[in-house]
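Peer 1: Here's a sequence, model it:
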Amino acid sequence: MASTAGFPSSPLRTTPNSSTSFLVPKPWIPRPNRVGVLRIECAKRTGKKRYPSEKKKLRKMAETLVKADVKNREEGFWRLSKLGVPLSKDPGKDFIGVSQPLLEAIAKVLEFPVASMLPQEAFSVVRKSFDARKLLKEPEFVYTVDMDVKKLLELEPRTWDFIDRLEYKVGLVEYMPSEKSSLDLISIIHDCKNSREGKQDMHNSYKSPHPERPKVAVVGSGPSGLFACLVLVELGAEVTLIERGQPVEQRGRDIGALVARRILQLDSNFCFGEGGAGTWSDGKLVTRIGRNSDSVQAVMKTLVHFGAPQDILIDGKPHLGTDRLIPLLRNFRNHLKELGVNLKFSTRMDDLIVENKNVLGVKVSNVRQDPGSGNYNLLYDAVVLAVGHSARDVYQMLLQYDVDLIPKDFAVGLRIEHPQELINSIQYSAMATEVREGRGKVPVADYKVVKYVGEGNAEASPDSGDPIRSCYSFCMCPGGQVVLTSTNPSEVCINGMSFSRRASRWANAALVVTVSSDDFDAFKCHGPLSGVEFQREFERRAALMGGGNFVVPAQTVTDFLDNKLSVTSLPPSSYRLGVKAAKLHELFPSPITQALQHSISMFDKELPGFISRDALLHGVETRTSAPLKISRHSDTYESTSLNGLYPTGEGAGYAGGIVSAAVDGMYCGFAIAKKLNLFQGNIESILGKAQKNSGFVKY
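Peer 2: Numbering: from 1, shown residues only. A predicted model of the protein is given here:
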């Protein structure tokens, strides 16, 4: 046992550096050599492309810098990453505290001899994920933990010698002068307002920037619309939220009528209504724009504020499920209503009011009334366009004002469904019994696969420079079901959804292939909407293959790979409106079909058993993301074509999923507030730089 003689007797000193960011090396800048000639280097290599010597050099630079800056080890925080706890010892996926086995893993890093002497209160779990890769002797939970040095030394002074000897290791043991903490969006805005009011009181010169509150319309109540709305109303705008669909309660009844009686409400369905298309989905909160970024953390903590469970902040693959999204959205709506937001459900935006390239307002109608009745104009200082990727009528309307619409790549394919027990067995082997329909120690098994197919449908590398198609799984729903996302009775489009426990008998995921403008040649007469018409074409074909009445065409994976239809009795499907055996191998153009077939064969090598007689393909999945982008200024978020119009979120082509759409709407809200003199600060100094996204995003 270490002696306490090394523990400092003087009071703990304050840390001179108050920054909360990790200490990382500054980027290398080329310098002239001794004779004044700039050296010519190879093309910059990053990440996994770096040579081992380059990685070693960067690691040494980081360690040297950190050792120089860690001047006061009695305070601050150490982040300990990649702490593995075997499944047999861990309390399980639903436990997010500090267990004794986790203390043992921490003690090993600290080289502290008695793990039981470490106080749990000094540690907090930042991230917890499950690793069941075959290369491991036993599946394990992997933790990231923050260690509060001051609290640790107060509760157990004998740890001082071990803290003093702790060495910085890139990606494993990293020092932070103070705790990295993020606030929810409401707290961030209140802090900004309090800071502003304090300065104004000090100078005794506060004046309202507007004699009247500026009026803003937010069209669409998906994640981007809701977060833009929240920012604007909290900062003092008079906001009207316009949603063609219904509140979640009535929307649920409309979806029930669709599933039970095949009655499709054109403006209230799986795509349209409060919360957007993500409400009746898996509620995935994974994102590719930086899980630990301040902007993403602000969104996540705002969701917790409105009722999401705390574990979404820690879970390595957070999700909510429809059952948790519904009460969350109700709480969000009530908060907006209390702040004075005018909520207009069942209200469709039919047109913009435009004068000299300036948007002055919107023309709307009540979708529950007879066509032509209930039409009226509403005037606003700004209009936020957050309509989602299925509002095709809005795209068509924008064309008449010559709004700059840019076709972009997206992906199309089929949704595959397996028995969940099979996926559990493939991923977990003997541990599959621990799933227990979402109530066991381990998460319900999922998968994520991607392959690249080049010329001749051979496997290719994304760095080869040759034309390739990306083939990947999309929106994987373990323990879920296949649902209808059509917005037109003559079209069939599907997606997946699941509840929070993911307890159903099936696992489904879209298997999709990237498509580009080269694939839209037959529809180029539609101009910027060629991708939309491409989607529609295959949704109509799928409807015909299914025979109408929202029956979905389906085919076994083995038949699809063999280009034949050998059976008419199909394996069970979770799709409740019925499936019909069909030749899905004839649905898409041959390059797309062949790419799908080759990628499925490659997926089976990665996940042996993926090609199974129980695996069923459903058609068709086309709305993976918006097929176009509405051009906007990168700093103001304002349309490049119409002043006063602010396109945002997935429908505008700048996001791909709940979290990224919410982040985009949040930044858009601050940009508008700045334009309307409601906010004078620099939000990027608080939330970091906004995402510069092309809109093609894989979940």
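Peer 1: Paired strands for the strand of greatest length in the chain, with orientation please.
Peer 2: When the chain is parsed with DSSP state E, its longest strand is strand 469-484. If you go by DSSP bridges, strand 469-484 pairs up with strand 450-453 (antiparallel), strand 494-497 (antiparallel), strand 506-515 (antiparallel).
Peer 1: Between the ones you listed, which has the poorest mean confidence score?
Peer 2: Set side by side, those give their lowest mean pLDDT on strand 450-453, at a mean of 92.
Peer 1: Could you tell me the end-to-end distance of stretch 569-581?
Peer 2: Its first and final residues considered, stretch 569-581 spans 7 Å by CA to CA, to the nearest Å.
Peer 1: any idea how far R623 is from F534?
Peer 2: Separation of F534 from R623 (CB to CB, to the nearest Å) stands at 12 Å. For the C-beta atoms, the positions are set from N, CA and C on the backbone; glycine is no exception.
Peer 1: I meant to write N488 there.
Peer 2: If you measure N488 against R623 using CB to CB, the figure is 12 Å.
Peer 1: Could you do Q427 as well?
Peer 2: 28 Å.
Peer 1: circling back: if you count surrounding residues, which of N488 and R623 has more?
Peer 2: R623 (25 against 15; other CB atoms under 10 Å).
Peer 1: List the buried residues for stretch 332-346?
Peer 2: 332-333, 335-336, 341, 343-346 (16 or more other CB atoms under 10 Å).
Peer 1: neighbouring contacts of it?
Peer 2: Stretch 332-346 is contacted by residues 226, 229-230, 233-234, 238-247, 267-268, 274, 306, 364, 366-368 when judged by CB atoms under 8 Å, 6 or more residues apart in numbering.
Peer 1: Specify the beta-bridge partners of the closest residue to V515 other than its chain neighbours.
Peer 2: Nearest residue to V515 in three dimensions, chain neighbours excluded: V412, at 5.7 Å (CB to CB, 6 or more residues apart in numbering). Note on V412: beta-bridge partners by DSSP bridges are V513.
Peer 1: how close does V412 sit to G657?
Peer 2: 18 Å.
Peer 1: sec struct for the closest residue to V579 other than its chain neighbours, please.
Peer 2: Distance criterion CB to CB, 6+ apart; nearest residue to V579, sequence neighbours excluded, is A554 at 4.0 Å. Secondary structure for A554, judged by DSSP: H, G, I helix; E, B strand; the rest coil, is strand.
Peer 1: State the distance from A554 to V145.
Peer 2: 46 Å.
Peer 1: and the two? which has more neighbours close in?
Peer 2: A554 (26 against 22).
Peer 1: Enumerate every residue touching the more buried one.
Peer 2: Applying CB under 8 Å, 6+ apart, the residues contacting A554 are 570, 573, 575, 579-582, 584, 616-619.
Peer 1: If any of these are buried, put those into a PyMOL selection.
Peer 2: In PyMOL, this line selects whichever of the contacts of A554 come out buried by 16+ other CB under 10 Å:
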select buried, resi 570+573+575+579+581+582+584+616+617+618+619
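Peer 1: contacting residues around the most centrally placed residue in the chain?
Peer 2: Residue closest to the mean C-alpha point of the chain, counted by CA atoms, centre = their mean, is T287 at 3.4 Å. When contacts are counted by CB under 8 Å, 6+ apart, T287 touches 296, 657, 659-660, 663.
Peer 1: per-residue pLDDT, it?
Peer 2: 91.
Peer 1: Please report how far it lies from S129.
Peer 2: For T287, the distance to S129 - CB to CB - is 15 Å.
Peer 1: next one: G651
Peer 2: Applying CB to CB to G651 and S129 gives a distance of 31 Å.
Peer 1: More neighbours: these two, which one.
Peer 2: More crowded of G651 and S129, by other CB under 10 Å: G651, with 31 against 15.
Peer 1: can you tell me which residues contact the more buried one?
Peer 2: Contacts of G651 (CB under 8 Å, 6+ apart): 220, 222, 385-391, 394, 626.
Peer 1: Helices - which of those land there?
Peer 2: Members of the contacts of G651 lying in helices (criterion: DSSP state H): V394.
Peer 1: For the contacts of G651, pick the one with the most neighbours.
Peer 2: Result: A386 is most packed of the contacts of G651 (other CB under 10 Å), 33 neighbours.
Peer 1: That residue contacts L232, correct?
Peer 2: No: under the criterion of CB atoms under 8 Å, A386 makes no contact with L232, lying 11.8 Å away.
Peer 1: shared neighbours, these two?
Peer 2: V218.
Peer 1: any idea how far the nearest residue to K583 once chain neighbours are set aside is from P553?
Peer 2: Of all residues not flanking K583 in the chain, L565 sits nearest, at 5.1 Å (CB to CB, 6+ apart). The gap separating L565 from P553 is 10 Å, by CB to CB.
Peer 1: for L570, same thing?
Peer 2: When L570 is compared with P553 (using CB to CB), they lie 10 Å apart.
Peer 1: still on that earlier bit, so which of the buried residues of stretch 332-346 is the closest to L325?
Peer 2: F332 (10.0 Å; CB to CB).
Peer 1: secondary structure element for the closest one?
Peer 2: helix 322-338 (DSSP states H and E).
Peer 1: after that helix, next one along is what?
Peer 2: strand 342-344.
Peer 1: which neighbours do L570 and P553 share?
Peer 2: By CB under 8 Å, 6+ apart, the residues touching both L570 and P553 are 579, 581.
Peer 1: in what helix or strand does H418 lie?
Peer 2: strand 410-419.
Peer 1: scratch that, E533 is what I was asking about
Peer 2: Going by DSSP H and E, E533 is in helix 530-546.
Peer 1: and that helix with strand 410-419, angle?
Peer 2: 30 degrees (axes from the mean of the first three to the mean of the last three CA atoms, to 10 degrees).
Peer 1: Can you name the residues in contact with helix 530-546?
Peer 2: Taking CB under 8 Å, 6+ apart as the rule, helix 530-546 contacts 392, 395, 407-408, 410, 412, 486, 488, 490-493, 515, 517, 519-520, 523-524, 526, 550, 552-553, 579-580, 582-584, 587-588, 619-620, 622-623, 627-628.
Peer 1: Tell me which helix or strand in this structure has the weakest average pLDDT.
Peer 2: helix 52-69 (a mean of 58; mean pLDDT, DSSP states H and E).
Peer 1: That helix: what's the following helix or strand?
Peer 2: strand 77-86.
Peer 1: Pull out the buried residues from the next helix or strand along the chain from that next one.
Peer 2: Remark: after strand 77-86, the chain's next helix or strand is helix 100-110, criterion DSSP H and E. For helix 100-110, burial by neighbour count (16+ other CB under 10 Å) applies to 101-107, 109-110.
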